[in-house]
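In: please find the sequence and the predicted model below.
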Amino acid sequence: MTSPAAGSHYHLLALTGHAPTAVAHLTRTVRYGATTPTVLVDVTAADELDVEALGTLARLSMLLRSTGGGVVLIGASATARQLTARTGTAWLLPAHGDVEAAVAFLPPSGQPWTVTELAPGSGSALPETAEGG
């Protein structure tokens, strides 16, 4: 998922409340404030992830993968994991039970993986897209 060149930092973000709305907000936040392309999303406090929310996360993961990162889900329900399997997006949205398992999934980078904060404002390390960046 992540190349050694992408660094050894990740963002850990919690998703809460109505999943489609929360995912849309999280996506905007990542697009404008990510300083590293690896994002772990804790979905344990979110309402059930539906096709719309998972589709948005899959598109975000594709964008992040273009820069050597991706999205990793933490605490996704069995239903959400089955939905990603049925829609063919499980490879874009690997799911793990907790942060430790998700971090252990990240490939070796030559340094220990550490959490980092999003940048305030528009300091994103992500490429601009046709959707407005």
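Out: Structure received. The structure presented is a predicted model; accordingly, all values stated were derived computationally and were not measured.

In: in which helix or strand does the residue nearest the centre of the chain reside?
Out: In the chain, the C-alpha nearest the mean C-alpha coordinate belongs to Val71, at 2.6 Å (Cα atoms, centre = their mean). Assigned by DSSP states H and E, Val71 belongs to strand 70-74.

In: and if you look at Val103?
Out: In this structure, Val103 is located in helix 99-105 according to DSSP H and E.

In: tell me which strands and helices that helix is in contact with?
Out: strand 38-46, strand 70-74 (3 or more Cβ pairs under 8 Å, 6 or more residues apart in numbering; DSSP states H and E). Backbone N, C-alpha and C define where each C-beta goes, glycine included.

In: if we go to 7 Å?
Out: strand 70-74 (3 or more Cβ pairs under 7 Å, 6 or more residues apart in numbering; DSSP states H and E).

In: please tell me how far the strand it packs on is from the chain's geometric centre.
Out: Put simply, strand 70-74 sits 4 Å off its chain's centre (Cα atoms, centre = their mean, to the nearest Å).

In: so for that strand, mean pLDDT?
Out: Strand 70-74 shows a mean pLDDT of 96.

In: and what of stretch 44-59?
Out: Taken as a whole, stretch 44-59 has a mean pLDDT of 94.

In: now the element after the strand holding Val71, going C-ward?
Out: Using DSSP H and E, the first helix or strand after strand 70-74 is helix 78-87.

In: let's see that following helix as CSV, backbone CA atoms only.
Out: Taking Å, rounded to 0.1, in the frame of the first residue of the first chain, the C-alpha atoms of helix 78-87 are listed here in CSV:
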residue,chain,number,x,y,z
ALA,A,78,-18.7,-7.4,9.4
THR,A,79,-21.4,-5.9,7.2
ALA,A,80,-19.1,-3.1,6.0
ARG,A,81,-16.3,-5.6,5.4
GLN,A,82,-18.7,-7.8,3.4
LEU,A,83,-19.9,-4.8,1.4
THR,A,84,-16.3,-3.9,0.4
ALA,A,85,-15.7,-7.6,-0.6
ARG,A,86,-18.9,-7.7,-2.7
THR,A,87,-18.2,-4.3,-4.4
